[in-house]
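>>> Sequence first, predicted model second:
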Amino acid sequence: EKNTAARGIGEDKIKLTQLSAQEGFPTESDFLSMIRKGQVQQAQIIMERNKAAGNGPLFSKDKFSDFLLYERLYQRSDNLYIMVKMLLDAYPSAPVAERFMNIFGYQFLRNRQNDKAIEAFTLNAQHFPQSPNSWDALADAEKAAGLTEKMVEHAFKVLSLLPAARIDSRTKEQLRISAEAKLKEAGQNIESGSAEKGIKRIHINTTDLLGSLTVLKDGTLLAGTDKGYFWNSDIKGEQWVKDSSSGITTGISDIHFITTFKGYAVSPGGYILTTNDASKTWEKIPYESKNVPIALHVLTPTKLFVGTANGKLLMSEDAGVNWKVVYENSDHFFRDIHFINATTGYAAGGGGNANNGYGILLMTKDGGQTWTNVNINLRSTLNTITQIPTKETIVVAGYDGHILYSENGINWRQQTLPQVRAFRKILFTNALRGYVVGDNGLLMTTTDAGQNWKTLNTGVYGSLHTMVIKEKTMIMAGENGILLQLNQ
């Protein structure tokens, strides 16, 4: 035991040996003082008797949570375990208890105390039944104990809770991978139940963000990562090889190829890259390097446009040799550029700050020489632009479920889909069928030119950032190395 005097705790005379109705129960201060002295088991008995007497908790949730966080530095682990159980008993949904119980459970697992690990994780699952993490931890303990049937039951429980779980997409994806690994090891067929029919996951050896994707002229695929390297696929898009030819370590945010061998890429690290040998080697294009390129559009073999995170649209009319600024506003940033013909094009993005942001949409009618603001009156960033084939309809999508449609670039109609955090990429394969991907593994499709949208279950929870169409197959990519194929 730690020396309580050294911690500034006096020898309070607390009479707790006889707990008659006449004496009553200790105050919160006295109760916590007793625990500080290491009398945790006695405190637990008092708490149980207090509960049996029909009294309320001897301590407040917030006070005991803070107390627990402090005492973890001084108490023995077995005492801390009892304290966490006391907190759960008094306040079943205290957030700090879930975290502590999870720590103790895995500590028991490391010490091969499987029964105690199952006890700890079971308590967590009972008190936090909507937490996929609590059930995944319990499944880990059951796997260690050889309780395969229970492990399978609870791993499937994890997958069922993930769609509605209020946790970040990276954690969701990690839990999905963890649960599916246990199910596969147990011989369970999870592919058919985890994703819509026709959606297939392609596994590559990375957990990095695949933020850009293009189809090369020979039918192979090239994906850019947030670490600056590429992944190259075979003709079927099923076998992928890492390619570090870019020579940079900042993300590849956009890629466009104009011939089998000639292509361009941009990086927010300040780089515009070009290749003449189908990505075997890349060269940095010299230009005013204070810009932060994130969007790229190749209008012709010699005419290129780049949108930056610092509010500029750059144009080159000689294949990237020389660049000029055709629009500049330091409050803006651009996520996508798209031309519907040789003269008319659009640039989408956002402006303002985190507390007062807004969407930006610019239009050019003279081939990109001048750009004017389109009045859309939207408080959300726009991320992606496409055109419906065989029509003049332009479609723009972004955060908060917003999709905009226009036939002339002047009059716009707005559609807002509920419970959507962000659309990242939208495209149409014909006059009626379209797809849009976004955060939390979102994939939606329309068969009536966007009048109605249907959600397809991708079976993943990381954000999907990009997609391309290769013949009749759609390829999607995103966080944590996610790569999906959908046969239309």
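Perfect, thanks for sending it.
>>> which stretches of the stretch 1-150 of the chain have low pLDDT?
The model of the stretch 1-150 of the chain has pLDDT under 70 over residues 1-23, 71-77.
>>> Any chance you could list what contacts stretch 298-310?
Applying CB atoms under 8 Å, 6 or more residues apart in numbering, the external contacts of stretch 298-310 come out as 256, 258-259, 262, 264, 266, 268, 272, 290-297, 313-320, 323, 330, 333-337, 339, 342, 345, 347, 349, 367-368. For glycine as for every other residue, the C-beta is placed from the backbone atoms N, C-alpha and C.
>>> among these, which are in strands?
Those of these mapping onto strands are 256, 264, 266, 272, 293-297, 313-316, 333-337, 339, 345, 347, 349, per DSSP state E.
>>> The closest residue to Phe64 other than its chain neighbours and Gly311, how far apart?
Leaving out its chain neighbours, the residue that sits closest to Phe64 by CB to CB, 6 or more residues apart in numbering is Leu87, at 5.6 Å. Counting by CB to CB, to the nearest Å, the separation of Leu87 from Gly311 is 51 Å.
>>> between these two, which one's more packed in?
Leu87 (23 against 20; other CB atoms under 10 Å).
>>> tell me the phi and psi of Met151?
Main-chain dihedrals, Met151, degrees, to the nearest 10: phi -60, psi -50.
>>> ok, now Gly450?
phi 100, psi 0.
>>> cool, and Gly398?
Main-chain torsions, Gly398, degrees, to the nearest 10: phi -160, psi -140.
>>> right, and it touches Phe423 too?
Yes - when contacts are counted by CB atoms under 8 Å, Gly398 is listed as touching Phe423 (6.0 Å).
>>> any common contacting residues for these two?
Contact criterion CB under 8 Å, 6+ apart; residues shared by Gly398 and Phe423: 383-384.
>>> Can you give me the neighbour number for Lys242?
Lys242 has 12 neighbouring residues, counting by other CB under 10 Å.
>>> OK, contacts around it?
Residues counted as contacts of Lys242 (CB under 8 Å, 6+ apart) are 205-206, 229-231.
>>> Partner strands of the helix or strand hosting it and their direction?
Secondary-structure assignment from DSSP states H and E places Lys242 in strand 240-243. Strand pairing for strand 240-243, determined by DSSP bridges: strand 230-233 (antiparallel).
>>> List the contacts of the partner strand.
Residues outside strand 230-233 that contact it (CB under 8 Å, 6+ apart): 204, 206, 210, 220-225, 239-246, 252, 279.
>>> just stretch 462-478 next, same as before
Contacts of stretch 462-478 (CB under 8 Å, 6+ apart): 169-170, 172-173, 209-215, 219, 221, 223, 237, 422, 424-425, 427, 429, 435, 437-443, 458, 460, 479-480, 482-488.
>>> Need the residue closest to the centroid of the chain.
In the chain, the residue lying closest to the centroid (CA atoms, centre = their mean) is Ser169, at 3.0 Å.
>>> For that one, give me the backbone phi and psi.
phi -60, psi -30.
>>> correct me, but it touches Tyr461?
Yes - with contacts counted by CB under 8 Å, Ser169 reaches Tyr461, the gap being 5.6 Å.
>>> Quick check: Met389 is in a helix.
Careful, residue 389 is Pro and not Met. No - if the criterion is DSSP: H, G, I helix; E, B strand; the rest coil, then Pro389 is coil and not within a helix.
>>> Just give me the neighbour total for it.
Pro389 has 14 neighbouring residues, counting by other CB under 10 Å.
>>> picking that back up, quick one, what contacts the residue nearest to Phe64?
61, 64-65, 68, 94, 96-97.
>>> Looking at those residues, point me to the pair that's furthest apart.
Lys61 and Leu68 (10.5 Å; CB to CB).
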